[in-house]
Structures are given as C-alpha cells and as structure tokens.
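# Fold the stuff below for me.
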Amino acid sequence: MAVPTATSVDETNPSRPGRAYRPPELTGLDDLLNRPTRERPGAPALVVGGDRLPLSYGALSAAANALAVRLTSAGLGRGDVVALVCANTAEFAVGLLGAARAGLVVAPMDPALPGSQLSARTGALGARAVLLGPPAAGAAPVARIDAPAWPLRVTVSPTGKTTAALDTGGAPPAPAGTGASRELTADDALVLFTAGTTDRAKMVPLTRANVAASVRGICATYELGPDDATVAAMPLFHGHGLFATLLSSLAGGGRVLLPERGRFSARTFWSDVRAVSATWFTAVPTIHEILLDRAEDEYPGDQATAPGRKPAPLRFVRSCSAPLNTATQRALERTLGAPLLSAYGMTESAHQAASEPLPRRGPLKHGSVGRPTGVALRVLDRDGLPCPTGVQGEVWVQGPTVARGYLADPAETARSFADGWLRTGDLGSLDEDGYLFLTGRLKNLINRGGEKISPEHVEDILAGCPGVAEAAVFAVPDAHYGQRVGAAVVVRGGVRGGESPGSEQILRYCRDRLAAFEVPDRLEIVTELPHTAKGGLDRAAVEARYAR
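Got it, this is the predicted structure:
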C-alpha cells in the first residue's frame with residue numbers, strides 16, 4: 001500500500017489567526033538564511049551559551065560570509081569536502097553555513113569519536129580539511145586527526161557583535177579528489193554518517209535539493225515561523241538535531257538556544273526553555289524519559305503549582321529517532337500540557353519521512369509515527385507486494401528528500417535502494433488513514449524456535465510497567481530454540497511511594513500482555529543501558545554486555 005505525499009498546510013495558519021503560512025524559500029544550505037536576514041536582520045537567530053547572548057540573523061549571515069571568504073583564500077574550491085567537528089555551539093552554525101556559502105560539501109562528525117575513527121572517516125571521505133570547533137564543556141578535547149585541522153572560533157559580544165576566526169596555521173588543505181569525494185556531484189551539499197562504529201557507519205550524500213525538501217517539509221508539518229523558538233537538545237552532527245532543530249528553525253526565521261555546555265543538560269533545560277520562550281522542542285525518548293522523571297521538581301508548570309516560575313509556552317513537543325512508548329507519551333502530554341508528536345526519519349531520507357500532525361491538522365494516534373511528510377510511503381511483504389491495511393511488512397520510502405545511495409558502498413546501495421525507493425529495513429503497518437505504526441527492525445528480530453519476535457514490541461510493553469524507566473530486549477543463544485528472549489531493565493527509585501518493581505513483578509506484567517513465547521526468558525535489572533551518540537539504544541553494546 002503506497003501512501004502519497006500528505007499536505008500539512010492549508011491557506012491559513014491557525015496558530016497565527018488571519019495570517020497565511022508561508023513555507024520557507026530556499027534551494028539549499030547556502031541560501032537558507034536569505035529570507036529571514038532580508039526581512040528581519042536584527043531578530044535573534046541563535047541564543048548562545050551560559051550568558052545567552054543573542055546572535056542576530058544579520059550577524060550570523062555576516063559571520064558565515066566572512067568564513068566563506070577565509071576558506072576560499074585558504075585554498076579550498078567549490079565541491080571540496082570539509083569535515084565539521086564541533087559541539088552544539090555557534091561555531092557549528094557558522095562553520096556549516098560558511099562552508100556552504102563557499103560552495104563546499106560539509107560532513108558533520110561527532111567530536112566525541114576517538115581519533116582513530118575520526119581519521120578513518122575523514123580519510124574514507126577524502127576531506128581536504130577539518131573545521132574544528134570547541135568540544136562540549138567537560139568533554140575531553142577532540143582527538144588528533146590525520147587531516148589538516150583548522151580551529152574555528154566564534155565570538156559573540158553582549159552587544160551582538162560577532163566575529164569568526166579560522167586558524168589554518170599555514171597548513172594547506174589535503175590533496176583533492178581522494179576517497180569517496182570522487183563520487184560527489186556538483187549538487188551535493190552534505191555527507192552524513194549513519195549511526196554505528198567506523199566499520200559499520202555508511203556515508204550518505206545529500207544534495208541541495210534533498211536539504212531544501214527536508215527543511216520545507218519539517219517547517220510545513222509544524223508550521224514553524226518567526227514566532228517559534230526551541231532549545232537544541234539533540235546533537236547537531238546527526239540528522240535529527242541538524243534538520244529538525246537547527247536548519248528548520250533558521251529557515252523559518254525562529255530562534256535556537258544553544259545550551260551553555262554545548263550539549264543537552266537536564267539540569268538547565270527548563271531554564272533554557274524559559275529563557276528563549278521556547279514554543280517547541282524535539283528529542284529522543286531517552287531525553288523525554290529523563291525530563292519526565294525530573295518534572296515533579298523541575299518542570300515550570302502553571303503559577304498555581306509553581307509560584308514565581310514562568311510557564312513554558314510550548315505549543316507541541318516532538319519525539320523521533322527511536323520508539324516512544326505510549327505510556328511515556330501520555331504522561332508527558334499531561335505534564336507539559338502540550339501534544340507530543342511522534343515522528344519517523346532516517347539519515348537516508350534527510351531525516352523526517354513521517355510525523356503525527358498538529359492537532360488541528362489531523363488526529364493524534366498514540367503508538368503511530370503519523371503520516372508521510374513530503375514523501376511517498378509503502379509497506380511491502382517479503383515478496384515485494386503491498387501489505388493490506390494493518391498487516392506488517394517492510395517500510396519503503398520515496399521522494400525528494402531520499403538520497404541516491406551510499407558513497408563507496410555499491411553493494412549496500414544495491415540492497416537498500418531500488419528504482420528511487422529506499423528500503424528502510426523497518427517493520428510496520430499502515431492503518432486506514434495512512435498512519436504508520438512501526439513494529440521493529442528486520443535485522444533485530446529474534447527467532448525463538450521459528451517464532452519471530454520484535455524486541456521493540458517487547459520493550460514497549462516492558463516500558464509500560466509501573467516503575468520501569470527503560471528496557472532493552474535482545475536474543476540469547478539457545479541450543480534448543482536457537483534463540484531465547486533476554487531483557488535488561490532500568491527501574492526508577494520508587495513507584496508512588498512504594499518500592500521499585502522486582503524481576504518477578506515485571507514478568508507478571510509481561511505475561512498479561514505478551515504471547516507466551518514473547519515473555520523474556522531471562523530478565524536482569526541494571527542501573528543503566530548504553531546509548532549511541534544521538535541518544536538511541538546501542539543494541540550492539542547491549543548484546544555484548546548482556547547476551548552472554
């Protein structure tokens with residue numbers, strides 16, 4: 001069953017009555033700031049650091065232009081690749097936009113990666129230089145990289161004056177035309193790495209048209225405009241933070257607060273929300289769980305229950321990059337007093353492919369990731385035939401945001417891309433309204449004596465048990481069944497004044513809600529679970545640690 005592109009905006013914008021909603025005008029990264037800079041040059045684009053200094057659209061655009069000139073004078077030319085290694089700071093935004101205006105292809109990378117992985121990625125890509133921003137506060141310095149590393153520093157004064165300094169140290173760029181850069185085209189704007197270690201991460205080239213379509217689609221879905229503001233909770237070197245938080249906010253003329261430490265901090269999050277008058281934010285379920293656990297003491301609710309605290313003016317909250325269990329979704333909506341919209345995306349589709357709509361645009365369906373946004377979507381069975389409504393199959397995506405394939409990996413490109421369609425590897429079903437319900441990953445299925453079990457489904461049930469904060473489900477080797485179901489569970493400190501649940505209590509909860517073969521054969525209560533850089537569950541690390 002194929003679902004066509006969904007229209008998410010009509011002639012008027014109900015959140016701003018009487019005003020037509022205008023989607024942003026852009027063709028890529030290089031002109032992303034053009035309209036807001038032209039129309040509102042003095043408006044804040046970024047709010048930076050612990051002092052929360054405003055950086056206006058005019059100042060951000062000027063800093064990007066200055067950096068573009070500096071990069072060109074350093075010997076880089078149109079189509080060259082540069083890596084951007086930086087925390088969530090002003091240097092990231094200026095580095096990204098300045099390199100784009102110089103006609104360069106930008107590859108954001110995680111500053112926490114060890115030097116061997118950063119060097120392997122820059123070498124495999126053929127990056128001619130590395131723009132090196134400051135690490136997050138408290139983080140180790142960025143490791144040595146086997147490529148010309150040019151420190152980038154952006155200074156914002158209390159008056160809003162902004163300067164960008166790039167120190168090449170006299171080091172020339174690396175030779176051009178090496179590695180995967182030979183496969184890039186004149187239309188390419190970004191190269192993003194999929195989640196995983198160096199030997200598993202794939203390089204995804206995204207064109208200017210991919211970027212523009214993604215940003216327009218996200219802005220249209222949530223009707224983002226100049227009145228909106230958000231806090232950067234997600235790392236900007238991944239698609240979630242890059243497209244949904246930074247690029248869509250800037251294209252819409254809104255403002256983004258970059259936290260003091262250059263990364264998410266639960267301790268300062270609600271203070272940041274109040275400081276920027278955030279109207280929305282997006283995060284992974286792990287962060288939503290952390291905020292929910294701390295909400296009783298920290299969430300700035302209404303004045304009656306929190307005297308002296310300004311309410312957060314949230315009009316919606318977004319969750320993406322991992323499954324969000326419905327119990328958490330309902331609890332967050334009650335706590336925040338705003339709808340929580342689940343979305344679905346991947347690096348290969350320039351982030352967002354589906355989302356629950358704003359409440360006035362359609363019903364919210366807990367457990368779903370909503371309708372397609374700017375793409376076509378279908379669910380196919382193992383024979384490549386469309387699945388009937390409600391029947392599980394593999395999710396395929398096609399549209400202007402979808403990449404053409406992977407760099408330097410023709411075999412994986414052939415497996416994952418077919419006739420313009422992306423085979424996501426995700427399992428799901430469509431309902432009668434075209435809403436997508438995800439049920440797991442093909443490669444994660446546990447085969448217990450011929451019964452195929454989705455670990456994500458079992459995790460969702462476990463997370464609904466009172467007192468359970470997070471769960472990971474994995475295959476345990478078994479001589480008789482081939483595989484059995486294992487689980488590692490994190491519990492909260494107490495449940496409504498009582499004690500935390502024990503293993504048997506959790507298993508009883510599961511037996512009432514799961515088929516007998518889905519109930520974990522082994523359940524271990526742990527203090528924490530490993531996560532990837534973008535906040536999702538690190539299944540490889542879970543398996544290595546617990547599936548023994």
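
# All the helices of the chain, residue numbers only.
With DSSP state H as the definition, the chain shows helices at residue ranges 34-39, 57-73, 90-101, 115-125, 208-222, 239, 248-251, 266-276, 285-298, 326-336, 410-416, 455-463, 503-511, 539-546.

# For Ser342, find the nearest of the ones you listed.
Shortest distance between Ser342 and those, using CB to CB, is found for helix 326-336: 7.0 Å. C-beta: built from backbone N, CA, C; applies to glycine.

# Return the list of helices and strands in contact with the closest one.
helix 285-298, strand 316-319, strand 340-346, helix 455-463 (3 or more CB pairs under 8 Å, 6 or more residues apart in numbering; DSSP states H and E).

# Tabulate those in a markdown table, adding columns for mean neighbour count and mean pLDDT.
Below are the helices and strands packed on helix 326-336 laid out as a markdown table (neighbours: other CB atoms under 10 Å; pLDDT from 0 to 100):
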| stretch | mean neighbour count | mean pLDDT |
| --- | --- | --- |
| helix 285-298 | 18 | 86 |
| strand 316-319 | 22 | 98 |
| strand 340-346 | 24 | 97 |
| helix 455-463 | 22 | 90 |
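
# got a pLDDT number for Gly493?
Note for Gly493: predicted pLDDT of 67.

# what bits of the stretch 251-400 of the chain have low per-residue confidence?
Scanning the stretch 251-400 of the chain for pLDDT under 70 picks out 300-312.

# Figure out which of the helices of the chain is closest to Ala350.
helix 208-222 (3.7 Å).

# Can you give me the buried ones in stretch 224-244?
224-225, 227-244 (16 or more other CB atoms under 10 Å).

# could you check the distance from the closest residue to Glu432 other than its chain neighbours over to Leu67?
Closest residue to Glu432 apart from its sequence neighbours, by CB to CB, 6 or more residues apart in numbering: Thr389 at 5.5 Å. From Thr389 across to Leu67, the span is 51 Å (CB to CB, to the nearest Å).

# quick revisit: is it true that the residue nearest to Glu432 touches Gly434?
No. Thr389 lies out of contact with Gly434 (CB atoms under 8 Å); the separation is 9.4 Å.

# Have a look at these two and say which one is more surrounded.
Gly434 (19 against 13; other CB atoms under 10 Å).

# thought Thr168 was touching Leu152?
No. Assessed by CB under 8 Å, Thr168 is found out of contact with Leu152, at 10.3 Å.

# quick one, which of those two is more surrounded?
Neighbours were counted for Thr168 and for Leu152 using other CB under 10 Å; Leu152 has more, 28 against 17.

# Surely the more buried one touches Ala165?
Yes. Here Leu152 lies in contact with Ala165, judged by CB under 8 Å, at a distance of 7.4 Å.

# Turn the helices and strands packed on helix 326-336 into JSON lines, columns for distance to Leu257.
As requested, the helices and strands packed on helix 326-336 are exported to JSON lines (distance: least, CB to CB, whole Å):
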{"stretch": "helix 285-298", "distance to Leu257": "15"}
{"stretch": "strand 316-319", "distance to Leu257": "15"}
{"stretch": "strand 340-346", "distance to Leu257": "20"}
{"stretch": "helix 455-463", "distance to Leu257": "29"}
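
# Give me the most central residue, this protein.
His240 (1.9 Å; CA atoms, centre = their mean).

# Look up how far Asp433 lies from the residue nearest to Glu432.
Taken as CB to CB, the span from Thr389 to Asp433 is 10 Å.

# show me what contacts the residue lying farthest from the centre of the chain?
Distance to the chain centre peaks in the chain at His480, reaching 40.0 Å (criterion: CA atoms, centre = their mean). Counting by CB atoms under 8 Å, 6 or more residues apart in numbering, His480 makes contact with Gly449.

# can you give me phi and psi for it?
phi -90, psi -50 (degrees, to the nearest 10).

# Which pLDDT value belongs to it?
81.

# How about Ala87?
pLDDT, Ala87: 95.

# Now do the contacts for the closest residue to Gly115 other than its chain neighbours.
Excluding the flanking residues, the one nearest Gly115 by CB to CB, 6+ apart is Ala143, at 3.1 Å. The neighbourhood of Ala143, defined by CB under 8 Å, 6+ apart, consists of Leu113, Pro114, Gly115, Ser116, Leu118.

# rerun that using 7 Å as the cut-off
Pro114, Gly115, Leu118 (CB atoms under 7 Å, 6 or more residues apart in numbering).

# Alpha carbons of stretch 379-395, as PDB, please.
This file holds the C-alpha atoms of stretch 379-395, laid out as PDB (Å, rounded to 0.1, in the frame of the first residue of the first chain):
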ATOM      1  CA  VAL A 379       4.600  -1.300   3.200                       C
ATOM      2  CA  LEU A 380       5.600  -4.400   1.300                       C
ATOM      3  CA  ASP A 381       5.700  -8.100   2.200                       C
ATOM      4  CA  ARG A 382       8.700 -10.400   1.600                       C
ATOM      5  CA  ASP A 383       7.600 -11.000  -2.000                       C
ATOM      6  CA  GLY A 384       7.600  -7.200  -2.700                       C
ATOM      7  CA  LEU A 385       3.800  -7.000  -2.700                       C
ATOM      8  CA  PRO A 386       1.800  -4.300  -0.900                       C
ATOM      9  CA  CYS A 387       0.500  -5.300   2.500                       C
ATOM     10  CA  PRO A 388      -3.200  -4.900   3.300                       C
ATOM     11  CA  THR A 389      -4.200  -2.300   5.900                       C
ATOM     12  CA  GLY A 390      -3.000  -3.400   9.400                       C
ATOM     13  CA  VAL A 391      -0.600  -6.100   8.100                       C
ATOM     14  CA  GLN A 392       3.100  -5.800   8.900                       C
ATOM     15  CA  GLY A 393       5.800  -5.500   6.200                       C
ATOM     16  CA  GLU A 394       8.900  -3.600   5.400                       C
ATOM     17  CA  VAL A 395       8.600   0.200   5.100                       C
END
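
# List of residues touching that stretch?
1-2, 377-378, 396, 423-432, 436, 439, 442.

# Can you flag the buried ones in those residues?
By neighbour count, with 16+ other CB under 10 Å, the contacts of stretch 379-395 hold 1, 377-378, 396, 423-424, 426-430, 436, 439 as buried.
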